[in-house]
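Trainee: sequence and predicted structure are below.
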Amino acid sequence: MGRRGGQPRERDVMDFLFDGLVTLLALAGIIYSIVLHEVAHGYVAFRLGDPTAAMLGRLTLNPVSHIDPFRTIALPLILYFATNGAFVFGGAKPVPVNPYNFRSRHKGMMLTGIAGPAANLLIMLTCVAILRFPYLSNTLVRLFFKIGLWNMLLMVFNMVPIPPLDGSRVLSYFLPRELAMQYEKLEQFGLLIVMLVVFSRVLDPVFLFAFERFVLLAGRFPL
């Protein structure tokens, strides 16, 4: 009787360990997705003639090189405790770019800006391709679903046209030069504006739409 009674507990422990492992692996995948996002910015800038990121050692997959004391550590912790875990927001240290090293300053900034979300798009599509494989265990489905979904949301969020988010680099390129110069001045208030927009939840319908599209692309939902 004791052995049979212990089996559910053992199963619960194993389920707990598997859940923890999936969460840790997904977290590692998300961290490296953010790293690749930043490296993509620096690599494209380097290819376009700006060696700033390379000279400062930012073209590396070592996460330590991309940690920002405020954006990566302090801000997520402050928001986590302030909202009782309901909302967390943060990011990596922005890759330094000197636009005056580009042959075309505005085009260079646009291409450098869009490189980060493009990296997230490629990671997301890779996860979708894996999720389409028919003989995938539920553990792997949960893992790649989480990584793919986060990359989808990272891509969408970063394309919001609020300086200094990447979408602002794209929008600025297509604006008339005088208007673009005024628009770019918003960057000094950018982090505050982004936080107000996120806290106001006006982007919730956008994130919900992105989530639904990802589920359709993946063709499955983790159990």
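Mentor: Received the coordinates, thanks.
Trainee: run a quick neighbour tally on Arg177.
Mentor: Arg177 has 8 neighbouring residues, counting by other CB atoms under 10 Å. C-betas here are computed from N, CA, C, even on glycine.
Trainee: can you pull the contacts of the residue most central in space within the chain?
Mentor: By CA atoms, centre = their mean, the chain has its centre lying nearest to Leu154, at 3.4 Å. Residues near Leu154 by CB atoms under 8 Å, 6 or more residues apart in numbering: 33-34, 37, 117, 120.
Trainee: rerun at 10 Å
Mentor: Going by CB atoms under 10 Å, 6 or more residues apart in numbering, Leu154 touches 30, 33-34, 37, 91, 116-117, 119-121, 123-124.
Trainee: do Phe214 as well
Mentor: Applying CB under 10 Å, 6+ apart, the residues near Phe214 are 124, 127-128, 131, 145, 148-153, 156.
Trainee: show me where the protein has helices.
Mentor: 2-47, 52-55, 75-82, 105-131, 138-158, 166-174, 177-184, 190-200, 204-218 (DSSP state H).
Trainee: neighbours of the residue nearest to Lys107 when sequence neighbours are not counted, just the number please.
Mentor: Among residues not flanking Lys107 along the chain, Tyr173 sits closest, at 6.6 Å (CB to CB, 6 or more residues apart in numbering). Other residues near Tyr173 number 17, with proximity taken as other CB under 10 Å.
Trainee: against Arg220, how distant is Tyr173?
Mentor: Separation of Tyr173 from Arg220 (CB to CB, to the nearest Å) stands at 38 Å.
Trainee: repeat that for Leu136.
Mentor: From Leu136 across to Arg220, the span is 8 Å (CB to CB).
Trainee: right, and Glu187 touches Pro161 too?
Mentor: No: using CB atoms under 10 Å, Glu187 is not in contact with Pro161, being 11.8 Å away.
Trainee: so for those two, which residues contact both of them?
Mentor: Contacts common to Glu187 and Pro161, judged by CB under 10 Å, 6+ apart, are 168, 172.
Trainee: low-confidence stretches in the chain?
Mentor: 1-16, 18, 79-80, 83-89, 223 (pLDDT under 70).
Trainee: mind redoing it with 50?
Mentor: Along the chain, the model assigns pLDDT under 50 to residues 1-2.
Trainee: how far away from the center of its chain is stretch 183-191?
Mentor: Between the centre of stretch 183-191 and the centre of its chain there are 21 Å (CA atoms, centre = their mean, to the nearest Å).
Trainee: just the C-alpha atoms of stretch 186-196, please, in CSV.
Mentor: The C-alpha coordinates for stretch 186-196 follow below in CSV (Å, rounded to 0.1, in the frame of the first residue of the first chain):
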residue,chain,number,x,y,z
LEU,A,186,11.6,62.2,-28.0
GLU,A,187,14.3,59.6,-27.2
GLN,A,188,15.4,61.5,-24.1
PHE,A,189,11.9,60.7,-22.7
GLY,A,190,11.7,57.3,-24.4
LEU,A,191,12.0,54.9,-21.4
LEU,A,192,9.3,56.9,-19.5
ILE,A,193,7.0,56.9,-22.6
VAL,A,194,7.5,53.2,-23.1
MET,A,195,6.7,52.4,-19.5
LEU,A,196,3.6,54.6,-19.6
